[in-house]
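how would this look folded up:
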Amino acid sequence: MDILAGISISGLQTFIWSLALGTALLLRFWYPRKLHWSALGAAGVFAAASIGAAIYVLANPIDPRWPAGAPLSAPSLSATPLVGDYLKPLDVVMANVIGGVNDLRGFQQAVPVALDFFTMAGWGCLAAVPLGIFALWASYREERWRRMEFARYKSAVEELQQQLRDVQRFVNYPDR
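Here you go, the predicted structure:
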């Protein structure tokens, strides 16, 4: 069963954009402090969905959604007087050849539509590069901030432990 059979080309493009936006919102609500990773995930989903749509178009070249024109048909030679009975095998061969030509024409008409989706995927990958660099930079900065905060906490704990030892010495608390 073909799930995407009832969706037009513009509907498929809208579906891809909606899927990317939905992914961005889902990731934003799931990880509220990681906006950069949400944007990168949405760009990745956009590129992957565009590639999937292009592969779908190429897998279904004979589809009424991509304009293929009227299919060609082979003339029947078996109805020819006197020699029609001898030309029946040629009718089968011509029908197969014309079927192949129709398949080729359908594929030729599906390729530009698929290339549009591949172009969308390329733009998604192009957007993912700066988003990925920004996400790495933001993660590095956040990790550096966490290390500095951990060092502050560690020095505060060491200072409090030293103060506790000083108080223990002052009150002659027995060592363990």
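
contacts, neighbours, all on C-alpha from now
Noted.

In three-state terms, label residue 66 for me.
coil (DSSP: H, G, I helix; E, B strand; the rest coil).

what about it, how many residues close to it?
Close neighbours of residue 66, defined as other CA atoms under 10 Å, add up to 21.

where does this structure dip in pLDDT?
For the chain, the stretches with pLDDT under 70 are 1, 68, 84, 176.

State which helix of it is the longest.
helix 88-170 (DSSP state H).

and the spatially most central residue of the chain, what does it touch?
Taking CA atoms, centre = their mean, the centroid of the chain lies closest to residue 48, which sits 1.6 Å from it. Counting by CA atoms under 8 Å, 6 or more residues apart in numbering, residue 48 touches residue 121.

and if you look at residue 35?
residue 28.

can you check residue 24 too?
38-39, 41-42.

which of those count as buried?
Neighbour-count burial (16 or more other CA atoms under 10 Å) is assigned, among the contacts of residue 24, to 38-39, 41-42.

would you list the residues you listed in JSON lines and tack on distance to residue 109?
Formatted as JSON lines, the buried ones among the contacts of residue 24 follow (distance: CA to CA, whole Å):
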{"residue": "38", "distance to residue 109": "36"}
{"residue": "39", "distance to residue 109": "34"}
{"residue": "41", "distance to residue 109": "32"}
{"residue": "42", "distance to residue 109": "30"}
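
thinking residue 98 is in contact with residue 75, fair?
No - using CA atoms under 8 Å, residue 98 is not in contact with residue 75; the gap is 9.9 Å.

More neighbours: which of those two?
residue 98 (17 against 11).

what about that one, distance to residue 156?
84 Å (CA to CA, to the nearest Å).

what's the neighbour count on residue 121?
Count around residue 121 with other CA under 10 Å applied: 24.

swap that for residue 136, please
For residue 136, using other CA under 10 Å, the count is 14.

That one and residue 146, how far apart?
15 Å.

what do you get for residue 72?
In terms of CA to CA, residue 72 sits 69 Å off from residue 146.

Same question for residue 172.
38 Å.

Out of these two, name the residue with the larger neighbour count.
Set residue 172 next to residue 146 and count neighbours by other CA under 10 Å: residue 146 wins out with 12 against 9.

for that one, what are its contacts?
Neighbours of residue 146 in contact, by CA under 8 Å, 6+ apart: none.

Thanks again, I'm all set now.
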